[in-house]
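Q: Give me the fold of what follows.
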Amino acid sequence: MSEITGGELLARCLAQEGVRLVFGLPCPEIDPFLAALDGHGMRQVPVRHESAGAHMAEGLYKTSGDVAVVLGNPGPGSANLIPGVINARHEGVPLLAITSQHRMGIVYPSPPSTFQGQDQLDVYRAAVKWGAPVFARERIPELVRAAFREMWSGRPGPVQLEIPAPVLYETGDESAIRMLPPHRYRARPQGPSPEAVADAVELLASARTPAIIAGAGVDRGEAGDALLRVAERLGCPIMSTMAGRSSVPRDHPQYVFGFGPAGDSVRREADVVLVAGSRLGNLDLPFDKYWGDPERQKLIQIDVDPRNIGVTRPVDLAIVADARLTLEALEAALDQAGVRHAPGPSLRRYREADLAWQQELRGAVEGWQGPGVHPAHAMQVIGELFGPEAIYVADGGNTSLWAHATLPPTRARSYVNILELGMLGLGVPASLGAKLGNPDREVVCVTGDGAAGFYFMELQSAAREGLDVRVVVFADGSWTMEELNERALYQRTFGTAMGTVRWDEVAAGLGCEGIRVDRIEDLEEALTRARAARGPAVVCVNTSRDANLGIPADMLTRFFEVYQGPGD
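A: So this is what the prediction gives:
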């Protein structure tokens, strides 16, 4: 009879689920699990802050589709982890949060005398899709299955298992434990009903001016190719949501930028709109002024979660199913019906308006005289150097908006941003997760200096792990996005000044290459040097606060309407 600890049993179960990475810190309560990782093909990546581990898991999943485990040690460790888990819940990121716990005699409930004790199950209940304690070693496989089943049910998201130390230290006969591979206990993604597909084909085939909006669910559900084939059959414009930027290549001949005047025209003039993998949240301008009359404009919404259907716009056809399977079925049905339309004059008009808007933006940016570097000009240089094959991670307020508008086209699973929940700080740790999941690809993080300050210490983790991530900090010393409202209403600012930080010097102290740039003429050389560095590199760009305030009026108006409601 061979005996194994609960920690090794847990490692075996997670390896069977395809887990390769565990983000978090050691502690005595969970050491039996950590000791077993190497023997099951898994790797622990220690962090400087637990919540950063959840953001690393987010970057990993969004760029590779892989799921990670994140650790929260008893009391403060589990509390530190919560912000990242909450973000994962809002962003649809599957991860398993393992919260460790003390011996049972001093918890459930914890008396005031328990050191670092708290009721973590109650604390996590609102942050995860599902959570449960593991009080018996023999239940580890069953509850791991339950966690992963819930994690992947409907829209993916975070789940929690709480495991007291004695359960992980306990030994028992390994032959008495039954484990099942995922295909033996989890349902496959569900496709649409034939009736729903037929109804969608009828609407789209008869449309004069159809349009398609692709959300983040298209990218994460690997449905981008099927969506493009449907769009090419319809000859219609395609837009992406802000969160779903890499769901559609921006250099596709039918692409239209959705946050400018051309995108407004598409939404208003379309007689049938197909929305795939999006909730149409406020960032996607679901206000009547940007759309056609809902009594005449037909809307088809495809989403894996019924709770996302019709939350901001009335729908005429709701399809609750996997996006890729639905779009593939829709493509086949359109083919069978002989539907194939060439792009028409309206698409050319949208594309010309889009190009004119982009050229106007580029001219204004390149005409900037300083002092300091215009952030959009820096984005253009970054995009030209690293190109469309890199993975980009965008973080920060105005920095994320400039990135969305000016970085180059990206391929699937190649763009991570904060534009669902809007939690600042994920940029640096998400870049680490993206690099761990894609070691052969370049990973570039563009971040404002406010956002960089949340988890900049994780660059020491990158140096320790030998991760060649490239971080460009746009440093203007202010919470610039917040200045706009203050200046407009009070003609002054308050609480926005951060002061100057030499991020390049901080990076050098953390074991990274650190480079300072004060002029746009020097940026390409600095980025080339960073690109050639062994290990992580940080380029600190002295950007202009005044230039950063100059978000194009079209984008700025739309962004403020997200908070204040639609204007006239």
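Q: Tell me how far the lowest-mean-pLDDT helix or strand in the chain lies from the chain's centre.
A: One helix or strand of the chain scores below all others by mean pLDDT, DSSP states H and E: helix 553-564, with a mean of 78. For helix 553-564, the separation from the chain centroid amounts to 22 Å (computed by Cα atoms, centre = their mean, to the nearest Å).
Q: ok, now stretch 383-401?
A: 13 Å.
Q: what about the stretch 201-350 of the chain, any weak spots by pLDDT?
A: By pLDDT under 70, the stretch 201-350 of the chain has no low-scoring segment.
Q: the strands in it, which residues?
A: Assigned by DSSP state E, counting those that start in this stretch, the stretch 201-350 of the chain shows strands spanning 210-214, 238-240, 272-276, 298-303, 317-320.
Q: could I get those strands as a markdown table with mean neighbour count?
A: Yep, even glycine has a C-beta here, placed from its N, CA and C like the rest. Compiled in a markdown table, the strands of the stretch 201-350 of the chain are given as follows (neighbours: other Cβ atoms under 10 Å):
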| stretch | mean neighbour count |
| --- | --- |
| strand 210-214 | 27 |
| strand 238-240 | 27 |
| strand 272-276 | 27 |
| strand 298-303 | 25 |
| strand 317-320 | 20 |
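Q: Export those strands to JSON lines and append columns for distance to Asn485.
A: Shown next, in JSON lines, are the strands of the stretch 201-350 of the chain (distance: least, Cβ to Cβ, whole Å):
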{"stretch": "strand 210-214", "distance to Asn485": "29"}
{"stretch": "strand 238-240", "distance to Asn485": "27"}
{"stretch": "strand 272-276", "distance to Asn485": "30"}
{"stretch": "strand 298-303", "distance to Asn485": "32"}
{"stretch": "strand 317-320", "distance to Asn485": "37"}
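Q: residue ranges of the helices in the stretch 51-200 of the chain, please?
A: 76-91, 120-125, 140-152, 165-169, 194-205 (DSSP state H, counting those that start in this stretch).
Q: Residues touching the fourth one, excluding its own?
A: Okay, so that is helix 165-169. Contacts to helix 165-169, defined as Cβ atoms under 8 Å, 6 or more residues apart in numbering, come from residues 5-7, 10, 28-33, 100-104, 134-137, 140.
Q: Among those residues, which lie within strands?
A: Among those, the members found in strands (DSSP state E) are Thr5, Ser100, Gln101.
Q: So which of those residues is surrounded by the most neighbours?
A: Gln101 (30 neighbours; other Cβ atoms under 10 Å).
Q: Could you tell me which residues make contact with that residue?
A: Contacts of Gln101 by Cβ under 8 Å, 6+ apart are Glu29, Pro74, Val107, Gln120, Pro133, Glu162, Ile163, Pro164, Ala165.
Q: Can you name the residues bridging to it?
A: Going by DSSP bridges, Gln101 is paired in beta bridges with Pro164.
Q: for the stretch 351-500 of the chain, what spans make up the helices?
A: Under DSSP H, counting those that start in this stretch, the stretch 351-500 of the chain gives helices at 375-386, 397-406, 427-437, 449-455, 458-465, 480-490.
Q: ok and the third one relative to helix 458-465, angle-wise?
A: Yep, that's helix 427-437 we're talking about. Relative orientation of helix 427-437 versus helix 458-465 (axes from the mean of the first three to the mean of the last three Cα atoms, to 10 degrees): 20 degrees.
Q: per-residue confidence averaged over helix 427-437?
A: The average of the pLDDT scores along helix 427-437 is 98.
Q: Ok, which of the strands of the stretch 201-350 of the chain comes nearest Gly258?
A: Closest to Gly258 of the strands of the stretch 201-350 of the chain is strand 238-240 (Cβ to Cβ; 3.8 Å).
Q: Leaving out chain neighbours, which residue sits closest to the residue positioned nearest the centre of the chain?
A: Nearest to the geometric centre of the chain sits Val416, at 4.7 Å (Cα atoms, centre = their mean). Computed as Cβ to Cβ, 6 or more residues apart in numbering, the closest residue to Val416 that is not its neighbour in sequence is Val393, at 4.5 Å.
Q: One more: Leu421?
A: His90 (3.8 Å).
Q: Return the residues in contact with the one you found.
A: His90 sits next to Glu420, Leu421, Met423 when contact means Cβ under 8 Å, 6+ apart.
Q: Please determine how far it is located from Asp66.
A: Applying Cβ to Cβ, to the nearest Å, the value for His90 to Asp66 is 20 Å.
Q: Count the residues that sit near Arg139.
A: 16.
Q: Also the one 10 residues further on?
A: The local packing count at Arg149 equals 15, with neighbours defined by other Cβ under 10 Å.
Q: That one reaches Arg186, doesn't it?
A: Yes: using Cβ atoms under 8 Å, Arg149 is in contact with Arg186, at 5.5 Å.
Q: where are the low-confidence patches of the stretch 451-568 of the chain?
A: The low-confidence ranges in the stretch 451-568 of the chain, as defined by pLDDT under 70, are 568.
Q: returning to that earlier point: out of the strands of the stretch 201-350 of the chain, which comes closest to Gly450?
A: strand 238-240 (26.0 Å).
Q: Which residues does the closest one contact?
A: So strand 238-240 is contacted by 211-215, 227-228, 231, 246-248, 252, 254-258, 263, 266 (Cβ under 8 Å, 6+ apart).
Q: need the contact list for Leu549.
A: Asn398, Thr480, Glu483, Leu484.
Q: try 10 Å
A: Counting by Cβ atoms under 10 Å, 6 or more residues apart in numbering, Leu549 makes contact with Asn398, Asp476, Ser478, Thr480, Met481, Glu483, Leu484, Arg487, Leu556.
Q: burial measure for Gly65, as a count.
A: Neighbour number of Gly65 under other Cβ under 10 Å is 14.
Q: nearest to Asp518, of the strands of the stretch 201-350 of the chain?
A: strand 238-240 (34.6 Å).
Q: what's the spacing between Gly39 and Ala11?
A: 7 Å.
Q: my read: Arg470 touches Arg531, true?
A: Yes: between Arg470 and Arg531 a contact is recorded at 6.4 Å, counting by Cβ atoms under 10 Å.
Q: which of these two has more neighbours?
A: Just comparing Arg470 and Arg531: by other Cβ under 10 Å the higher neighbour count belongs to Arg470, 25 against 16.
Q: beta partners of that one?
A: Assigned bridge partners for Arg470, using DSSP bridges, are Val444, Ala537.
Q: Can you name the residues that contact it?
A: The contact partners of Arg470, by Cβ under 10 Å, 6+ apart, come to 382, 385-386, 390, 431, 435, 442-446, 512-513, 527, 530-531, 533, 536-539.
Q: can you do 7 Å?
A: The contact partners of Arg470, taken as Cβ atoms under 7 Å, 6 or more residues apart in numbering, are Val443, Val444, Ala530, Arg531, Ala537.
Q: Next up, the contacts around the closest residue to Gly191 other than its chain neighbours.
A: Among residues not flanking Gly191 along the chain, Leu325 sits closest, at 3.7 Å (Cβ to Cβ, 6+ apart). Residues counted as contacts of Leu325 (Cβ under 7 Å, 6+ apart) are Pro189, Gly191, Pro192.
Q: how many neighbours does the closest residue to Gly217 other than its chain neighbours have?
A: In space, and not counting its chain neighbours, Gly217 is closest to Gly277: 2.4 Å by Cβ to Cβ, 6+ apart. By other Cβ under 10 Å, 33 other residues sit near Gly277.
Q: what about Met407, neighbour count?
A: For residue 407 the amino acid is Leu, not Met. Leu407 has 24 neighbours, counted by other Cβ under 10 Å.
Q: Correct me if wrong: it contacts Met379.
A: Yes: using Cβ atoms under 7 Å, Leu407 makes contact with Met379 at a distance of 5.7 Å.
Q: any residues in contact with both of these two?
A: By Cβ under 7 Å, 6+ apart, Leu407 and Met379 have no common neighbours.
Q: Show the pLDDT at Pro409.
A: 91.
Q: same thing with the one 10 residues further on?
A: As summarised for this prediction, Leu419 has a pLDDT of 88.
Q: give the contact list for it.
A: Met242, Ala243, Leu283, Ser400.
Q: quick one: it from Val471, how far?
A: Applying Cβ to Cβ to Leu419 and Val471 gives a distance of 19 Å.
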